[in-house]
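> Please work out how this folds:
(2 chains)
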Amino acid sequence: MSALEAEVDRSAREGVERELLAWMSEAKPSADAERFERLALALFRFQFTACAPYARLCASLDRTPDRVEQVSDIPAVPTGAFKEFDLRCFPEDQTTQVFRTSGTSVDRLGALHLDSVVLYEASLLANLRHSFLPGLVGTRPEMRFLSPGPAEAPDSSLTHMFEALRLAEGHPSSDYDLREGRLDLHAFEAAVERARRADRPLIVAGTSFAFVHFLDDPQAAGETRWHLPAGSRVMETGGFKGRSRTVPREVLRSEIAARFGLDERAVVNQYGMTELGSQFYDSTLVDPDGPRRKEAPPWTRVRFVDPESGRDVAPGEVGMIVIHDLANTGSVAAIQTADLGRAIRSEDGGVIGFDVLGREEGAEARGCSIATDVMLEASSREPAP
Amino acid sequence: MSRIEFDWPDEGAERVRAAEGRLRLAGEELARRPFEARLASVAAVLDDWTRPDSPYRRELAAALAEATPFTAATIKEGLDSALRAWRPADFIACAEREIGGTTRAGRCSLVPFEWTTVIAGGALPMPTMLSGLLPLVLGSPVLLRETSKDPVTARLLARSIARRDETLAAAFEPIAFPSDDTMALEAALAAPCVVATGSDETLASISSRLSPTQRFVGYGHRFSIAILGPTMDDDALMEAAAGLALDVSRWDQSGCLSPVVAYLVGWEREAQRHFASRLDDALRRVSADLPRGEIELDRSISIAHERREARMRAAMGGMLFEGSDHTVVLETDARPRPAPLGRFIRLLPVESPAALIRSLEPFAGHLSNVCFAGLREVDERGEIEDAPREDAALPPRETPAAASPIPPREAPSAESPIPPAWARLGVSRFTSPGRLQTPPIDWPHDGLPLFVPLARFTNEDLGRHTTKVD
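Numbers count the residues shown, from 1 in each chain, chains lettered A, B, ... in the order given. Reported below is the predicted structural model:
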């Protein structure tokens, strides 16, 4: 690529990013199909020219920019490809941050390369404020994170998200209560006590398996010991990945709510992945009376497709989740996940969100998890005769 | 008039306990029979299933076609080929060798377990049949918990036993209860001998519920592979491709004996491409006769993912062949990658046998069977020696006793033909392409003998070391 072409590419991306940042900074960002379509196609043209492995995929599918006219025709990259290829649209030496998926030595880890976290953080904060912090934005509540801190997990996108949230919206006393793999119950309980004395909401966020360990820990037992003040809320995310017992999502939510003395609607699940710049939250804090579903920020589009034909399934039918996330400007915006989902419709038939099916049970079996999860998926099969 | 229905919370457990009572009684009668008589009866049942005109096999094939996602043709071919390889003579010889020989030669006596619970797993019928029959030979009645994926095999097996032998039939009860019926499971796991097939997690869960005084035999999940060397002429290459295609297609690659990868050891790149193309052709031919059945949505997603990733790698030297119901991916390295199954086979090039062993080490203990062609054997140091004997299996078999009208196979060497390195990886059988899924009945599943793990022996040693008391 010539210097001039590189400059043109860079300016194309910068143009998209400027418009996205403006969108994300609106008081109430709303869906805008025309805007999304235009930005998505512009971003596709840029990513096709700037990311060679992606361009190869597009070419082999005969879906190059000159042949793609709508977003649904833009080829999606499977999440596993982030393990195989450096999917970035900038020179390697401009990398400022790499987020890695979990895994073991058997497995090559997936990686999201970033040359800037400005858009990444703008997306996650806009979404967190809308979906997780309604009524609390600007109040700087104390936050406790059942996850390792940035020093312990510098390449964790989840920890980065928590840190961005802590800095932007958290009280200075906010902190991480998972250190070297152990929950610091003493510090956590002290924070609960502080919140109760001040009668100020406490924000608790962490990985699903950390909550399971907390719930299972005999030293954390107590009927009302962990009850939180009104307005408090909990966010859990991720699977169990062999790090704790596996708990159905509904059961975990119910147990968390009971332990903290909260309405279940104050417990939200976040659906996200390292490969994405945006995340998806349960709707219950935004729409307490509506059905629980995941809401998509306006700069994302979630589709449910038939894995064999690649075509969208009928609304409400189960399909493979494909996410188009415009916040992924520096890698690839169209991501094909390994998850099953379906659109949730309102009573008048309009799509108001989506549901992820079997994430807890399926994640491990689909090979995104621990240990010998690669070929060994094959060993979880029928017995030999 | 309205009808009132009750949900009886321990209904499943009650059924298990009632069956246990019946089985204990039937077991007393069964145990009084001589070992040889029990063996002959079970072998007769086996013969009813394995002979070419077996009505049971026909009935099972029809029932499985209704109850499972496999196509009727795949089921028929899978059953016919697998049961053809089960020779009652081998079964008898194995029992004589493992049990008869032991009890007659020494002072050991066989003392049957009062009852044995078999927790079947998966949708393939052969393991269910075999695990249901083995304890009967040893004099232990069987409670067989069928799998949700195969609600027909155990019941048909019970019917075939009843037709042959009433005493044997009384000592065999299939039972079904949901996987979340923990009370029924606890009752079933009260048996002094428990046999289970399933994932490592399932086996660990069952094992943790048993006391140290109970016998537990678990068969875990494994996978099989092909190893192909470059020393094949075109005919041999076509034969290997056809055999491998059949192995991949049988039971839609859903068995532990289905190959998930084929290692191409020491092949030139062009030869690799040629073989990948031949394998794709062979899979298409097999599919014409044995079309793939329906696959689950999450399996389709895995296949779609792996195909798309392979497409991205293809530009860097890999190859992807996509059929309507199969996939062949020729990789450029031997890095482990997911195996989505559903007739999806990867060809992984490795430079040498030593590199092959190294690439398999992460999966130690999880390998099952290996088919090979065009390659002399590799020993544990990765050096090439003589080829392993086809259908070689651990442990070594001795000359079987003649106990059946059907002549046994030729007795193999007493020395194990499988090098220790392979046994350490979990490999319990070497064979040739096309035969992976048709092991002989006495193949040591998971490296275990057929009967011994299910047997309880006692020893009488009276009067030999007396102490004089003044």
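> Name the helix or strand for residue 53, please.
By default, I'm working from chain A. Of the helices and strands defined by DSSP states H and E, residue A:53 is found in helix A:52-60.
> The intended chain is chain B.
Assigned by DSSP H and E, residue B:53 falls within no helix or strand.
> what number of residues lie near it?
Other residues near residue B:53 come to 6 when the count uses other C-beta atoms under 10 Å in any protein chain shown. Quick note: C-beta positions are derived from backbone N, CA and C, even for glycine.
> Give the buried residues for the helix or strand encompassing residue B:275.
The secondary structure element spanning residue B:275 is helix B:269-289 (assigned by DSSP H and E). Using 16 or more other C-beta atoms under 10 Å in any protein chain shown as the burial criterion, the residues of helix B:269-289 that qualify are B:272-273, B:275-276, B:278-283, B:286-287.
> follow-up on the earlier one: near chain B at all, the helix holding residue A:53?
Yes: applying C-beta under 8 Å from any C-beta of the partner chain, one finds helix A:52-60 touching chain B at A:53-54, A:56-57, A:59-60.
> List just the nearest of the residues you listed to residue A:152.
Relative to residue A:152, the closest of those is residue A:53; by C-beta to C-beta it sits at 31.5 Å.
> and the closest one, what does it touch?
Residues near residue A:53 by C-beta atoms under 8 Å, 6 or more residues apart in numbering or on different chains: A:81, A:85-87, B:312, B:315.
> Next, give phi and psi for the closest residue to residue B:284 other than its chain neighbours.
Nearest in space to residue B:284, with sequence neighbours left out and distances taken as C-beta to C-beta, 6 or more residues apart in numbering or on different chains, is residue B:323 at 5.7 Å. Per-residue torsions, residue B:323: phi -100, psi 180 (degrees, to the nearest 10).
> what residues are up against residue B:323?
The neighbourhood of residue B:323, defined by C-beta under 8 Å, 6+ apart, consists of B:280, B:283-284, B:287, B:343.
> And residue A:205, by the same measure?
Contacts were defined as C-beta under 8 Å, 6+ apart; by that measure residue A:205 touches A:143-147, A:162, A:165, A:234-237.
> Quick check: the gap between it and chain B.
Shown here: residue A:205 relative to chain B, a distance of 29 Å by C-beta to the nearest C-beta, to the nearest Å.
> in the sheet, who's paired with that residue?
Each beta-bridge partner of residue A:205 is listed here, defined by DSSP bridges: residue A:145, residue A:235.
> Can you classify residue 17 as helix, strand or coil?
Because you didn't say which chain, this covers chain A. Using DSSP: H, G, I helix; E, B strand; the rest coil, the structure places residue A:17 in helix.
> Need phi/psi at the nearest residue to residue A:328 once chain neighbours are set aside.
Closest residue to residue A:328 in three dimensions, ignoring its sequence neighbours and counting by C-beta to C-beta, 6+ apart: residue A:277, at 4.9 Å. Main-chain torsions, residue A:277, degrees, to the nearest 10: phi -90, psi -20.
> and what of the one 4 residues further on?
Summarising the backbone geometry of residue A:281 under the convention degrees, to the nearest 10, its torsions are phi -120, psi 150.
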